[in-house]
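>>> fold the following for me, if possible:
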Amino acid sequence: MKIILSLLFACITFTCHAQNNFIKKEKWHWNNASKQDTSAGYVQVIKVDNILYISGAVSKEVTPEGIRQVYQALEKSLKSFGATFQNVVKENLYTTDIETMKKYNSVRKVFYNGDFPAATWVQISRLYMSESKLEVELTAHLPK
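Numbers count the residues shown, from 1 in each chain. This is a model prediction of the structure:
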């Protein structure tokens, strides 16, 4: 009897732990009904708890207009869950031309309105889409 009770307790404990392995994910993907891109296999924004993980927005050029377009796309991604750039806590920027990005950094700064996140900027040889020259991804926190 003691062995049976021990096995039953172990099964209940395992079941409880197994059920807790799933997390609730809310998704947004450019107003796409499936809320994800199945050909490339990604989602533009995924919300887990109060955190937004925002896939990179890209531009084919590192110019003031190209940078502005990237940040406008990111702004739309943030707004999909009611957030703004003031909710952004981390920015990762990838470019094939870091010096030009540094030159036009003022365009990016406008979106943050003086409330800058932690940031990492990296020069790379190419991006997923070979014609792209700039990609920026964000992590944002929503109020609890």
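>>> okay, which residue is most central for the chain?
Ile54 (1.9 Å; CA atoms, centre = their mean).
>>> my read: that one touches Thr139, true?
Yes - contact criterion CB atoms under 8 Å: Ile54 and Thr139 qualify, at 7.1 Å. Any C-beta I mention is one placed from the backbone N, CA and C, and that applies to glycine too.
>>> measure the closest residue to Gln44 other than its chain neighbours to Lys76 for me?
Distances taken as CB to CB, 6 or more residues apart in numbering place His29 nearest to Gln44, at 4.6 Å, with adjacent residues excluded. When distance is defined by CB to CB, to the nearest Å, His29 is 11 Å away from Lys76.
>>> ok, the two, which is more surrounded?
The neighbour count for His29 versus Lys76, taken as other CB atoms under 10 Å, is higher for His29 (19 against 15).
>>> distance of the more buried one relative to Tyr53?
13 Å.
>>> mutual contacts of those two, please.
Listed contacts common to His29 and Tyr53 are Val45; contacts here mean CB atoms under 8 Å, 6 or more residues apart in numbering.
>>> read off the pLDDT value for Ile3.
At Ile3, the pLDDT value in this model is 63.
>>> helices of this protein, start to end?
All helices of the chain, identified by DSSP state H, fall at 2-19, 64-79, 98-103, 105-112.
>>> least confident of these, on average?
Here the helices of the chain differ in mean pLDDT, and the lowest is helix 2-19 at a mean of 54.
>>> the residue nearest to the centre of the chain and Lys103, how far apart?
Applying CB to CB, the value for Ile54 to Lys103 is 25 Å.
>>> Ser132 - how many residues pack around it?
Around Ser132 there are 19 other residues, counting by other CB under 10 Å.
>>> tell me if I'm right that it and Val58 touch.
Yes - here Ser132 reaches Val58: they are 4.4 Å apart, a contact under CB under 8 Å.
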